[in-house]
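In: From the sequence below, what's the structure:
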Amino acid sequence: MLNEAQISLTGYVATQPVTRLVKPGVSNVSMRVAWTPRRQDRATGEWVDGNTSYVTVICWRKLAANVAICLRTGDPVVVKGKLSVRTYDDKDGVRRTSVDVDASSVGHDLSRGVSQFQRVRPRTGMTASEFEAAKAVGGQGTGGEGTGVQDGRGGVDGSGGVDGSGSGGPDGRGDADMSSPDEPGRGFFDESAISEHSTAEPAAVSS
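Out: Below you'll find the model as predicted:
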């Protein structure tokens, strides 16, 4: 669309995703996403942290539902969406600036670890008894691909792979090496920044 700034960014989830019901049948999920650039000091050879930046990422409808299930604080993510910068007065009357991204897609940053994708199939139109009978004879209740998320055995509940036996990713979902490939001995996440903002309230949003 005209006069809209599209942006792609990589970072980590700095606050737990929060789900809000905007109106009946419409919900969104908001979370803070942050990144901390690093550079190598040419004089000392040491890596130095830059300024940590934050944006509020807002997801709607199906994307919101999937983000709420799959993402947790500390997960490395790639976000694409529409950028919005606005000013507002807080409760103390102080003028502040909010940087928001209305996300069109969100995913794990696979340069920082591993993930597993579970496609959510549309409903087949089966009755409850037909669905259970189909599962009993071969797990075909969701169009031939097994039950995945619907029966709670998928990778999004922290247990790992599609059958619950895999290792998954971060936040209790695996043991991926989260260190930067270009910076030995240094993790990707700014732990102090995460703890500082873990209790921060996301900026108010409107649909």
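In: contacts, neighbours, all on C-alpha from now
Out: OK.
In: lowest-pLDDT helix or strand in the protein?
Out: The helix or strand with the lowest mean pLDDT-type score in the chain, counting by mean pLDDT, DSSP states H and E, is helix 191-197 (a mean of 55).
In: Quick check: D102 touching V57?
Out: Yes. Applying CA atoms under 8 Å, one finds D102 in contact with V57, separated by 6.1 Å.
In: who's more crowded, the two?
Out: Higher neighbour count among D102 and V57: V57, with 25 against 19, using other CA atoms under 10 Å.
In: What residues does the more buried one make contact with?
Out: 30-33, 100-103 (CA atoms under 8 Å, 6 or more residues apart in numbering).
In: where's T19 relative to T56, distance?
Out: Taking CA to CA, to the nearest Å as the measure, T19 falls 13 Å from T56.
In: what's the overlap in contacts for the two?
Out: S30.
In: out of the two, which sits in the more crowded spot?
Out: Between T19 and T56, counting by other CA under 10 Å, T56 is the more crowded of the two (23 against 18).
In: next one: phi and psi at that one?
Out: Main-chain torsions, T56, degrees, to the nearest 10: phi -90, psi 120.
In: R61 now?
Out: Dihedral angles for R61 - degrees, to the nearest 10 - are phi 50, psi -120.
In: I'd assumed L83 was in contact with A5.
Out: Yes. Judged on CA under 8 Å, A5 makes contact with L83 at a distance of 5.4 Å.
In: These two: who's more crowded?
Out: Using other CA under 10 Å, the more surrounded residue of A5 and L83 is L83, with 18 against 11.
In: which one is that one nearest to, not counting chain neighbours?
Out: Among residues not flanking L83 along the chain, V101 sits closest, at 4.7 Å (CA to CA, 6 or more residues apart in numbering).
In: Let me know the secondary structure of that neighbour.
Out: For V101, the secondary structure call by DSSP: H, G, I helix; E, B strand; the rest coil comes out as strand.
In: State the distance from it to K91.
Out: 23 Å.
In: And those two? Which one has more around it.
Out: V101 (25 against 7).
In: Quick check: phi and psi at R32.
Out: Backbone torsions for R32, taken as degrees, to the nearest 10, come to phi -100, psi 130.
In: residue boundaries of the helices in this protein?
Out: 61-70, 128-136, 191-197 (DSSP state H).
In: what's the longest one packed up against?
Out: Going back to what we said before, that points to helix 61-70. strand 18-23, strand 26-35, strand 95-108 (3 or more CA pairs under 8 Å, 6 or more residues apart in numbering; DSSP states H and E).
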